[in-house]
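Chemist: take this sequence and fold it.
(one chain, ligands or ions: 1)
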Amino acid sequence: MSLDLVISQARLQDGAAPVDIGIAEGKIAAIAPRIDSDAPVREARGGLLIRGFADSHLHLDKACILERAVNRSGTLKGALEAVTEAKRGFTQEDVYARGAKVLEQAIGQGTTLIRTQVEIDPVIGLAGFHAVQQLAKDYAWALDLQICVFPQEGLLNYPGTEELLRAALAQGADLLGGCPYTDSDPHGQIARIFEMAREFDVDLDFHLDFDLDPGWRHLDEVARQTIAFGMQGRVAIGHVTKLSMLPPEALAQSVALLREAGIALTVLPATDLFITGREFDHAVPRGVAPAHRFHAGGVCCTVATNNVLNPFTPYGDCSLPRMANLFANVAQLGQEADLSACFDMVSGAAFRLLGRDPAIRLGSAADLVLLPGASRAATVAEIGRPLWGMRAGRMSFEAPAPRLLWP
Ligand SMILES: [Zn+2]
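Modeler: Below you'll find the predicted structure:
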């Protein structure tokens, strides 16, 4: 067989013996302990080879705006107001330039699949959506970008928003998001969003319950409508910070509710830690939903970036191993199995949530990322930095390990 490239001695599973991988015409053409070939060789030296990381929730359109939008209170309200004001100045070119910067960083961190949330309302119109659509085309050489349009400023309270969301879906947006906590009629918004999802046959992804009061929540209504509309397996919810305040029995009931409704949970630790609990002046709660409990309970769970350098999260480098490490640290997880679960939440589970196969198998596209560590748990514990990546057999980035210059 004629190969274009051989990757030598890569591990596909923790603890597995290293294998050689032959690539031909952009696809994986051979996997064997040793491959004899005249093709060029790229050495993996026992490192872990994965399909890449998947960021299941990332706002490109409002990234990198700290110099023009400041959240003085540090609260959710402060963040929403700062972005609403800054958004008046957003243009398609501006969103494109900031989004490109974030995507280039994500590519270098080994991310190969992203669901990006795009705000739609009468002020920004479709400018952000069109910019992100162009980004999806221009960066298809390195990653897949799934576009989720949603009404950040509310839907039923903001005339003109629904028509724009419909236009974006008609023009190829991949799915629809909801944000009931900013709507004057949260249950009305949830109902309308489900009706639109049925009409356009798209999945749903809600921003949900962004506070620490367990006394009320929109989760039960989303679960009820998911079942009523027969959308099990097609609905994701993000944040759901109230889940962090539940005692064990109530938490177990919520795990069962999500599992029965087939709803996926995305936790966004950097934002949730930064924004929630501002009403406390000491003993501040962490405000991060215990995704590991849901993951262990059979719910599809992911950890994602959410925001980069904006009033919701004034940090960010797009590293998903760093985000998994942050979650593990906050959730006090240190055992190997728990750290492996955290890895799954930024890779395997995130691929599945976004409808993709995370497995490396014969015949699949040679979309590959090499990690320096020998295990998934070590990658989370040490924030393993990917060394290189390729898409369809073509190299997409290189980030060699530092080389010490001994005297
Ligand atoms: Zn978000």
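
Chemist: now the helices: where do they sit in the stretch 201-350 of the chain?
Modeler: Taking DSSP state H, counting those that start in this stretch as the criterion, the stretch 201-350 of the chain contains helices spanning 219-228, 248-261, 269-275, 291-296, 320-330, 336-344, 348-353.

Chemist: nearest to Pro400, of these?
Modeler: Taking C-beta to C-beta, helix 320-330 is the member of the helices of the stretch 201-350 of the chain nearest to Pro400, at 16.8 Å. For the C-beta atoms, the positions are set from N, CA and C on the backbone; glycine is no exception.

Chemist: for the closest one, name the packing helices and strands.
Modeler: Judged by 3 or more C-beta pairs under 8 Å, 6 or more residues apart in numbering; DSSP states H and E, helix 320-330 is in contact with strand 53-58, helix 269-275, strand 301-303, helix 336-344, helix 376-381.

Chemist: most packed of these?
Modeler: Ranked by mean neighbour count, these are led by strand 301-303 with a mean of 31 (mean count of other C-beta atoms under 10 Å).

Chemist: Leu76 and Leu212 touch, don't they?
Modeler: No - Leu76 is beyond contact range of Leu212, at 10.8 Å (criterion: C-beta atoms under 8 Å).

Chemist: common neighbours of the two, please.
Modeler: Residues touching both Leu76 and Leu212 by C-beta atoms under 8 Å, 6 or more residues apart in numbering: Thr276.

Chemist: which one's the longest helix in this protein?
Modeler: Secondary structure of the chain read by DSSP state H shows that its longest helix is helix 92-108.

Chemist: thought Gly297 was touching Val255?
Modeler: Yes - the pair formed by Gly297 and Val255 meets the contact definition of C-beta under 8 Å, at 3.9 Å.

Chemist: can you list the buried residues in the helix or strand hosting Arg192?
Modeler: Element membership for Arg192, per DSSP states H and E: helix 186-200. Neighbour-count burial for helix 186-200, with 16 or more other C-beta atoms under 10 Å as criterion, is recorded at 186, 189-194, 196-197.

Chemist: now that helix: mean pLDDT?
Modeler: Throughout helix 186-200, pLDDT has a mean value of 98.

Chemist: with stretch 113-122 instead?
Modeler: Stretch 113-122 shows a mean pLDDT of 98.

Chemist: can you pull the buried residues of it?
Modeler: For stretch 113-122, burial by neighbour count (16+ other C-beta under 10 Å) applies to 113-121.

Chemist: ok, which pair from these is furthest apart?
Modeler: Longest span within the buried residues of stretch 113-122, C-beta to C-beta: Leu113 and Asp121, 26.8 Å.

Chemist: tally of neighbours for Arg42?
Modeler: When neighbours are counted by other C-beta atoms under 10 Å, Arg42 registers 17.

Chemist: lowest-confidence helix or strand of the chain?
Modeler: The weakest-scoring helix or strand in the chain, judged by mean pLDDT, DSSP states H and E, is helix 76-87 (a mean of 94).

Chemist: could the helices and strands packed on helix 320-330 go into CSV alongside mean pLDDT and distance to Glu67?
Modeler: Rendered in CSV, the data for these read as follows (pLDDT from 0 to 100; distance: least, C-beta to C-beta, whole Å):
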stretch, mean pLDDT, distance to Glu67
strand 53-58, 98, 20
helix 269-275, 97, 18
strand 301-303, 98, 28
helix 336-344, 98, 33
helix 376-381, 97, 32
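
Chemist: ok, Ala167 - how many residues close by?
Modeler: Look at Ala167: counted by other C-beta under 10 Å, it has 15 neighbours.

Chemist: list the contacts for the closest residue to it other than its chain neighbours?
Modeler: Take Ala167 and drop its neighbours on the chain: the residue closest to it by C-beta to C-beta, 6 or more residues apart in numbering is Leu126, 6.3 Å away. By C-beta under 8 Å, 6+ apart, the contact set of Leu126 is 120, 164, 167-168, 171.

Chemist: with Ala392 instead?
Modeler: 26-27, 365-367.

Chemist: distance check, it against Ile23.
Modeler: Using C-beta to C-beta, to the nearest Å, Ala392 is found at 9 Å from Ile23.

Chemist: overlap of the contact sets of these two?
Modeler: Joint contacts of Ala392 and Ile23 (C-beta under 8 Å, 6+ apart) are Ala366.

Chemist: from Ser8, how far off is Ala142?
Modeler: Look at Ala142 and Ser8: by C-beta to C-beta, they are 23 Å apart.

Chemist: more neighbours: which of those two?
Modeler: Ala142 (23 against 16).
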